[in-house]
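A.B. asks: would you be able to build a 3D model of this:
(2 chains)
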Amino acid sequence: MRETFTKGMARNIYYGGGVFFFLVLIGLTVDTVSGISKTDNRENLTEQVIAGKYLWETNDCIGCHSLLGEGAYFAPELGNVYTRFGKSTEAIKGFIKSRPKNGIPGRRSMPQFNFTDEELEQIAQFLKYTDGIKTARDWPPNVQG
Amino acid sequence: MKYESQGIAKMYFIAAIGLFVGQILFGVTMGLQYVWGDFLFPAIPFNVARMVHTNLLIVWLLFGFMGSAYFLVPEESERELYAPWLAKIMFWIFLVAGALTILGYLLVPYATLAEMTMNNLLPTMGREFLEQPTITKIGIVIVALAFLFNIGMTILTGKKTVITLVLLTGLAGLAVFFLFSFYVPDNLVLDKYFWWFVVHLWVEGVWELILASFLAYVLIKVTGVDREVIEKWLYIIIAMALISGLVGTGHHFFWIGTPDYWQWLGSIFSALEPIPFFMMTLFAFNVVNKRRRDHANKAAVLWALGTAVMAFLGAGVWGFLHTLAPVNYYTHGTQITAAHGHMAFYGAYVMVVLTMISYSMPIMRGQKAANVKAQALEMWSFWLMTVSMVFITLFLTGAGILQVYLQRYSEAPLPFMVVQDKIAIFYWLRELAGLVFLIGLLLYIYSFFAKGKEVGNIEAIAS
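C.D. replies: Residues are numbered from 1 along each chain as shown, chains lettered A, B, ... in the order given. Below you'll find the predicted structure:
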């Protein structure tokens, strides 16, 4: 680097740029948080959905699946599973319930979690709510996730 | 070793390397589960293996960061560590907490672990990379605060250098942004939005400050280049990291229910994110070319240059590959992401910790540099691990391109599992590359015990 560009200038760019863009991020965050009520499907955020989200978390579903594209890539995307399963919470519940305890020889299989009927309903409702979140360009690109 | 308390780094590095081995063992286990679906099922389901793999990575990198800071800071500050006893206590607390958490993942179902640790009082479990029980997270905060206090007091009461001040900013940011791991709103969009305040602002934000300061330190030591020159580079690199990376967080806000303007902001700013990594590569080669001495520790120089190149490839190039919103529309959450994640973490953070270990470990063992044979073996392990990681990345990229085409882009998109079967060959090849990586890692460990001819005690002056 040429001598006309001094260490002091570099330092000022670091402090100035860092602080400025951190403030920009905060501003955009305030705007995002106040604006997402139009897309985040909060009108359907019921007690059942909240309980379903807790089950989603405490069984580490994200360790195999992705949800709106985030998570692991070992098992199908679930952000749109409600649509993929024909808009049927019964189909989702049936799938989770029917997983064999010892897996499927040679194949990937979801564990059998032994959920109660109430818990199954909560998880299915959580996935239905997630499907209702309005993502940009209606991501994922198609029903396969 | 100029200051006795620098030696504390050794225990941190040994723990880091031990956990690294665990991480890779679970990595090759998961790689096998990709193609041999019921391997170890239901004893160790994929999600458990993945939690162990990613959490061990995070924990060992934190051990590596802490060890590196304990070695670097006393020397830069020209004083002993403020409280060596605190560093030793925190080591054991962190190690025991980490080990118990991993055992918890492996020995009981995750839901049971959540119950045992009373997750319902303050639910924080079950989010990617932040799966640790709440009590472990609180432990991490305590360890991080004690560490920051110790390092901070050493820096602030000693000689302040640009390297230590940048490092301190990075470490403070690491601790502050981790606090977002305690915020888990019911609203999924908000949950995802703020989850990135830990994950992105760590690896594409404050960790880059830590990385750059470690690299600058080692380069000063091994090249003898004037500190003024290196500090100027350091400032401008981390300035670009923050200028691009802070709003660059937006490349995670394309498809999670956040406003559309993130498509533009996220694309533009994250397209700038390779710049600091490219500058880091220029910086490293520039400084090594202008070196005023040939340091006896050739392995450390190799690791430093390797870090700069691989961080640019993994974080910069492979990140840019899928960061523009129109591309990410198709690639989001596919094997492309996995490819990027592997090379970026290895190239940036794994390699910088190994650079610090390579430079400091011989000094802590009373040598200027490791013996000739040990260095040769270490450099072999460098190439084995680095080249196999390049292949892991290439195979996952191949898998990802096919996955995107078959599942998302073609006229008749196929179901996820059908596609996974079709691309299995890439997973087999990735697994082979993973085994080579493991061999490289074992060789790396062996290199610490290899006996051979001692290197010359004083470095030659470069012509």
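A.B. asks: so B:V372 sits right up against B:K451, yeah?
C.D. replies: No. Using C-beta atoms under 8 Å, B:V372 is not in contact with B:K451, being 10.3 Å away. Where you see a C-beta, it was placed from the backbone N, CA and C, and this is true even at glycine.
A.B. asks: if you count what's nearby, which of these two comes out ahead?
C.D. replies: Under the criterion of other C-beta atoms under 10 Å in any protein chain shown, the comparison of B:V372 against B:K451 puts B:V372 first, with 16 against 8.
A.B. asks: list the contacts of that one.
C.D. replies: For B:V372, the contact set (C-beta atoms under 8 Å, 6 or more residues apart in numbering or on different chains) comprises B:452-455.
A.B. asks: try it again with 6 Å
C.D. replies: B:452-453 (C-beta atoms under 6 Å, 6 or more residues apart in numbering or on different chains).
A.B. asks: quick check, pLDDT for it.
C.D. replies: As predicted, B:V372 sits at a pLDDT of 96.
A.B. asks: now do it against chain A, distance only.
C.D. replies: Here the criterion is C-beta to the nearest C-beta, to the nearest Å. By it, B:V372 lies 36 Å from chain A.
A.B. asks: then B:N286?
C.D. replies: 9 Å.
A.B. asks: helices and strands around the helix or strand hosting that residue, which ones?
C.D. replies: Element membership of B:N286 [criterion: DSSP states H and E] is helix B:274-289. In terms of contacts (3 or more C-beta pairs under 6 Å, 6 or more residues apart in numbering or on different chains; DSSP states H and E), helix B:274-289 is packed against helix B:207-223, helix B:227-248, helix B:298-311.
A.B. asks: number of nearby residues for the residue lying closest to B:G27 once chain neighbours are set aside?
C.D. replies: Closest residue to B:G27 apart from its sequence neighbours, by C-beta to C-beta, 6 or more residues apart in numbering or on different chains: B:H53 at 5.2 Å. As a burial measure, B:H53 scores 19 neighbours (other C-beta under 10 Å).
A.B. asks: what ranges do the helices span in the stretch 301-450 of chain B?
C.D. replies: Secondary structure of the stretch 301-450 of chain B (DSSP state H, counting those that start in this stretch): helices at B:318-320, B:325-331, B:335-344, B:351-364, B:372-403, B:416-422, B:424-447.
A.B. asks: which stretch among these is buried most, on average?
C.D. replies: The highest mean neighbour count among the helices of the stretch 301-450 of chain B, using mean count of other C-beta atoms under 10 Å in any protein chain shown, belongs to helix B:351-364: a mean of 25.
A.B. asks: is any part of the helix or strand encompassing B:K192 close to chain A?
C.D. replies: In this structure, B:K192 is located in helix B:188-201 according to DSSP H and E. Yes. Using C-beta under 6 Å from any C-beta of the partner chain, helix B:188-201 comes into contact with chain A via B:188-189.
A.B. asks: show me what from the stretch 351-463 of chain B comes close to chain A.
C.D. replies: Residues of the stretch 351-463 of chain B lying near chain A by C-beta under 6 Å from any C-beta: B:407-408, B:413, B:415-416.
A.B. asks: in TSV: the residues you listed, plus pLDDT.
C.D. replies: Shown next, in TSV, are those (pLDDT from 0 to 100):
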residue	pLDDT
B:Q407	98
B:R408	98
B:P413	98
B:P415	98
B:F416	98
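A.B. asks: of those, which pair is most distant in space?
C.D. replies: Greatest spatial distance among those (C-beta to C-beta): B:R408 and B:P415, at 11.8 Å.
A.B. asks: tell me which of the two has more neighbours.
C.D. replies: Set B:R408 next to B:P415 and count neighbours by other C-beta under 10 Å: B:R408 wins out with 20 against 14.
A.B. asks: surely that one touches A:P141?
C.D. replies: Yes. If you go by C-beta atoms under 6 Å, B:R408 and A:P141 touch, sitting 4.7 Å apart.
A.B. asks: how does chain A divide into domains?
C.D. replies: What automatic domain parsing lists as the domains of chain A is A:1-38, A:41-138.
A.B. asks: hey, which of those domains is tucked in deepest?
C.D. replies: Taking mean count of other C-beta under 10 Å, domain A:41-138 is the most buried of the domains of chain A, at a mean of 19.
A.B. asks: for that domain, what is the average pLDDT?
C.D. replies: 98.
A.B. asks: got a list of what the residue of the stretch 301-450 of chain B found nearest chain A touches?
C.D. replies: Relative to chain A, the nearest point of the stretch 301-450 of chain B is B:G333 (3.2 Å; C-beta to the nearest C-beta). By C-beta under 6 Å, 6+ apart, the contact set of B:G333 is A:66, A:69.
A.B. asks: again, but for the one 10 residues further on
C.D. replies: Neighbouring residues of B:M343 by C-beta under 6 Å, 6+ apart: B:314, B:318, B:393.
A.B. asks: B:L354 too?
C.D. replies: The contact partners of B:L354, by C-beta under 6 Å, 6+ apart, come to B:W303.
A.B. asks: now do B:N457, the pLDDT please.
C.D. replies: For B:N457, the pLDDT comes out at 54.
A.B. asks: from chain A, how far out is B:R293?
C.D. replies: For B:R293, the distance to chain A (C-beta to the nearest C-beta) stands at 22 Å.
A.B. asks: looking at it, that residue is touching B:V225, isn't it?
C.D. replies: No. B:R293 is not in contact with B:V225 according to C-beta under 6 Å; the separation is 9.4 Å.
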